[in-house]
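Enquirer: 3D, please:
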Amino acid sequence: MQKSGGAVIPMKNSEITYLFGKEEVSAIPPPRITYEDQCIEFLDCLSKAIRSDGEAKRYPELLTFAFWIRRAGISKLGEAYAKRQGGIKRIGKGLVFHIAPSNVPVNFAYTLVFGMLAGNANVVKVSSKRFRQVDILCRLMSHLTEQEEFQWVERQNAVVMYDRSGDATDYFSGICDARVIWGGDATIAQVRKSPLQPRSTEVTFADRYSFAILSAEAINRASEEEIKQLARRFYNDTYLMDQNACSSPHLVCWMGKEDGCETAGRRFWQEVFAVCAESYELADVKVSEKYALLCKIADEFEDIKVTRYKNALYVVRLELLPNEITELRGKFGLFFECRLDSLEEIIERAGKKVQTCAVYGIETSEIADCVCSMHAKGIDRIVPIGGTLDIGVFWDGYDVISELSRCIIFE
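Expert: Residues are numbered from 1 along each chain as shown. Sure thing, here's the model as predicted:
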């Protein structure tokens, strides 16, 4: 490792590809203050660039990201954050090294924005598998940083790609002031073999599990248009990411009387199937993997009933919930369902791996109260169906901006 004139000079490694930024990631002038105006201006311009780019428009997740980083939204977050801090000022920690997830391509951009809003310089490692969404965003950011007012972004931030190189991870971990790891338990364990500096901190977004709770009564009294919209939102929460996102529900819990739940379930799943048949690209490999998973489930669980809506949707009905609900994982449109007599039945099974509870027809505050009163170790988010993928500055129970910045106390 070398340092020259306040700049960090990475090791010369031909295996590292810089998709955005340069080999020299400056540690000066960061740290910056949180929610700095220059940062908000850049993000707003990037938002406009995404929304006006013909290729970017083909990816709904890029448009969602663009909407999130527009000036109005980020400024509102900044104002609320400053109000919560009271008389405390916050400034970035310096350089943050991010290991982005490989299952959700656009998440690299969110973690980069978290680091920037917290006032840091950033190095983000993306998957060695190329994703067009990553290339598009890096292209648009590179184009923006040709403008003099945004050249600081390129000097202080980089998006890199390399294979599982321990040397590169060792290097970036050794020079960073904070490390952010997105990935499964095995990924986190592997990255942690690379030591940090004594004062450096770490935030991990590990493997998580999510489920949904629906009110049968609410489903049965809803209009046809309301059910269509609900099915579309559920589709967006699940099928768009092939159920790979940590916040995508795998299990649907029905609240209500048995006959009401039966009626609601038929109505709901039939409409979800209609959306899938219209929108989902069901490749042969998805069909075969989903069917193989269904056969495995049939061997492992007793007392199940399977409803198949052609190859687009499989619904596995459970009479009893296992103690470890995180075992109930589907893919490509395979879901588990069960009926609950009370919220306590599912909350008591919400261990540390449980992240998001998506709801329809039930007050989120009622579930939050139950989580707190039962001292549950899991459930960090309770959101309406359709909002599970809406990543924000609060994630996995963390206040991410605070985790990546430091307090300045004055009297």
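
Enquirer: neighbours of the spatially closest residue to Phe273 that is not a sequence neighbour, how many?
Expert: Of all residues not flanking Phe273 in the chain, Tyr309 sits nearest, at 3.9 Å (CB to CB, 6 or more residues apart in numbering). Any C-beta I mention is one placed from the backbone N, CA and C, and that applies to glycine too. Tyr309 has 16 neighbours, counted by other CB atoms under 10 Å.

Enquirer: show me what contacts Tyr309?
Expert: Counting by CB atoms under 8 Å, 6 or more residues apart in numbering, Tyr309 touches 269-270, 273, 276, 315.

Enquirer: one more time with 10 Å
Expert: Residues in contact with Tyr309 (CB atoms under 10 Å, 6 or more residues apart in numbering) are 269-270, 272-274, 276-277, 315, 333.

Enquirer: then Glu302?
Expert: 318-320.

Enquirer: look at it and report its pLDDT.
Expert: Here, the pLDDT recorded for Glu302 equals 80.

Enquirer: wasn't it part of a helix?
Expert: No - under DSSP: H, G, I helix; E, B strand; the rest coil, Glu302 falls outside any helix and is assigned coil.

Enquirer: please report phi then psi for it.
Expert: When read as degrees, to the nearest 10, the backbone of Glu302 gives phi -100, psi 160.

Enquirer: hey, what's Val315 bridged with?
Expert: Beta-bridge pairing for Val315 (DSSP bridges): Thr307, Phe335.

Enquirer: for it, list the residues it contacts.
Expert: Contacts of Val315 (CB under 10 Å, 6+ apart): 252, 265-266, 268-269, 272-273, 305-309, 330, 333-337.

Enquirer: check Phe65 too.
Expert: 46-47, 50, 56, 59, 106-107, 109-110, 113, 133, 137, 391.

Enquirer: in a markdown table: these, plus neighbour count, secondary structure and pLDDT.
Expert: Putting the contacts of Phe65 into a markdown table (neighbours: other CB atoms under 10 Å; DSSP: H, G, I helix; E, B strand; the rest coil; pLDDT from 0 to 100) gives the following:
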| residue | neighbour count | secondary structure | pLDDT |
| --- | --- | --- | --- |
| Leu46 | 23 | helix | 98 |
| Ser47 | 21 | helix | 97 |
| Ile50 | 25 | helix | 97 |
| Ala56 | 20 | helix | 95 |
| Tyr59 | 19 | coil | 91 |
| Val106 | 21 | coil | 92 |
| Asn107 | 24 | helix | 92 |
| Ala109 | 27 | helix | 96 |
| Tyr110 | 22 | helix | 95 |
| Val113 | 22 | helix | 97 |
| Gln133 | 20 | helix | 95 |
| Leu137 | 28 | helix | 98 |
| Ile391 | 22 | coil | 84 |
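
Enquirer: got a list of what the closest residue in space to Glu271 that isn't next to it in sequence touches?
Expert: If you skip the residues right next to it in sequence, Glu271 has Ala231 as its closest partner in space, 3.8 Å away by CB to CB, 6+ apart. Going by CB under 10 Å, 6+ apart, Ala231 touches 267-276, 385.

Enquirer: quick one: secondary structure of Ala231?
Expert: helix.

Enquirer: quick one: pLDDT of it?
Expert: 97.

Enquirer: where does the stretch 51-200 of the chain have low pLDDT?
Expert: 165 (pLDDT under 70).

Enquirer: list the contacts for the closest residue to Val191 other than its chain neighbours?
Expert: Computed as CB to CB, 6+ apart, the closest residue to Val191 that is not its neighbour in sequence is Ile181, at 5.2 Å. Applying CB under 10 Å, 6+ apart, we find Ile181 in contact with 97-101, 111, 125, 173, 187-192, 202-206.

Enquirer: centre of the chain versus stretch 199-218, how much separation?
Expert: Distance of stretch 199-218 from the chain centroid (CA atoms, centre = their mean, to the nearest Å) equals 9 Å.

Enquirer: for stretch 352-371, same thing?
Expert: 18 Å.

Enquirer: that stretch: which residues count as buried?
Expert: For stretch 352-371, the neighbour count (16 or more other CB atoms under 10 Å) marks 353-362, 367, 370-371 as buried.

Enquirer: swap in stretch 303-320?
Expert: Neighbour-count burial for stretch 303-320 flags 309, 311-318 (criterion: 16+ other CB under 10 Å).

Enquirer: state the distance from Lys352 to Ala206.
Expert: Lys352 sits 9 Å away from Ala206, going by CB to CB, to the nearest Å.

Enquirer: C-alpha coordinates for stretch 157-177, CSV please?
Expert: Taking Å, rounded to 0.1, in the frame of the first residue of the first chain, the C-alpha atoms of stretch 157-177 are listed here in CSV:
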residue,chain,number,x,y,z
ASN,A,157,-15.5,6.8,-5.8
ALA,A,158,-14.8,3.6,-7.8
VAL,A,159,-16.8,0.6,-8.9
VAL,A,160,-14.5,-2.4,-9.3
MET,A,161,-14.8,-6.0,-10.5
TYR,A,162,-12.5,-8.9,-9.8
ASP,A,163,-12.6,-12.6,-9.2
ARG,A,164,-12.3,-14.1,-5.8
SER,A,165,-8.9,-12.5,-5.2
GLY,A,166,-7.9,-12.5,-1.6
ASP,A,167,-5.1,-10.0,-2.3
ALA,A,168,-7.6,-7.4,-3.6
THR,A,169,-10.0,-7.9,-0.8
ASP,A,170,-7.1,-7.8,1.7
TYR,A,171,-5.9,-4.5,0.2
PHE,A,172,-9.2,-2.7,0.1
SER,A,173,-10.1,-4.0,3.6
GLY,A,174,-6.7,-2.9,5.0
ILE,A,175,-7.1,0.8,3.8
CYS,A,176,-10.8,1.4,4.5
ASP,A,177,-12.4,3.1,7.4
